[in-house]
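>>> dropping the sequence and predicted coords here.
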Amino acid sequence: MRKHEILKDFGLYIDWIESLRTLTEQQVNTPYQEGKWSPKEIVMHMAEWDRFTLEQRLPNMKESEKLEDVPWESFNEQAAKLANDYTFEEILELAKGYRRQLLERLEAIDEAEWTKSFYIGEHVLTLEEYFSDFVWHDTHHKEQIESIR
């Protein structure tokens, strides 16, 4: 995906987050499938990825930089558990706020920087690839939540 497509999807994500206000309390707290996360946990997980990317990843995503890989499973588990500390309304506000900040920072990055390579662990990535994966991740979780509407 090109930069403008990613930015457009990020804007649509913010709108989608806002649309989740129509979910009932039962829908928000019920896993979309047995043994899976609830929408509340999913949105918190997504917000935490945005926060982590804003704070830990994006400032270091420069040509030839080597970023550490993180233990994704434990990160994801902690993010889902963090949902218990917030109301769904608070989580929606966090999710929108982090994504807006991310969108603003990405808009400010020169187009030429989007195709320069950096490393996460042993994986070679560009901003374009990393944030294309982000859009895929968003879509994956949106489908899970939309399945309960």
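Thanks, I have it.

>>> the residue lying closest to residue 92 once chain neighbours are set aside and residue 68: what is the separation?
Sequence neighbours aside, residue 17 is the residue nearest to residue 92 in space, at 5.6 Å (criterion: Cβ to Cβ, 6 or more residues apart in numbering). C-betas here are computed from N, CA, C, even on glycine. Applying Cβ to Cβ, to the nearest Å, the value for residue 17 to residue 68 is 29 Å.

>>> how about residue 95?
Residue 95 is 25 Å from residue 68, where distance means Cβ to Cβ.

>>> sec struct for the residue nearest to residue 92, please.
Taken by DSSP: H, G, I helix; E, B strand; the rest coil, the conformation at residue 17 corresponds to helix.

>>> contacting residues around it?
Under the criterion of Cβ atoms under 8 Å, 6 or more residues apart in numbering, the neighbours of residue 17 are 43, 92, 95, 96, 99.

>>> will you turn these into a markdown table that also has distance to residue 7, neighbour count and pLDDT?
Output for the contacts of residue 17, formatted as a markdown table (distance: Cβ to Cβ, whole Å; neighbours: other Cβ atoms under 10 Å; pLDDT from 0 to 100):
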| residue | distance to residue 7 | neighbour count | pLDDT |
| --- | --- | --- | --- |
| 43 | 21 | 25 | 98 |
| 92 | 21 | 22 | 98 |
| 95 | 17 | 24 | 98 |
| 96 | 16 | 18 | 98 |
| 99 | 11 | 23 | 98 |
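
>>> of these, just say which sits nearest to residue 13.
For residue 13, the closest of the contacts of residue 17 turns out to be residue 99, at 5.8 Å, with distances computed as Cβ to Cβ.

>>> thought residue 51 was touching the closest one, still the case?
No - with the criterion set as Cβ atoms under 8 Å, residue 99 and residue 51 do not qualify as a contacting pair; they are 10.0 Å apart.

>>> next secondary structure after the helix or strand of the chain with the lowest mean pLDDT?
One helix or strand of the chain scores below all others by mean pLDDT, DSSP states H and E: helix 72-82, with a mean of 94. Beyond helix 72-82 in the direction of the C-terminus, DSSP states H and E gives the next helix or strand as helix 88-107.
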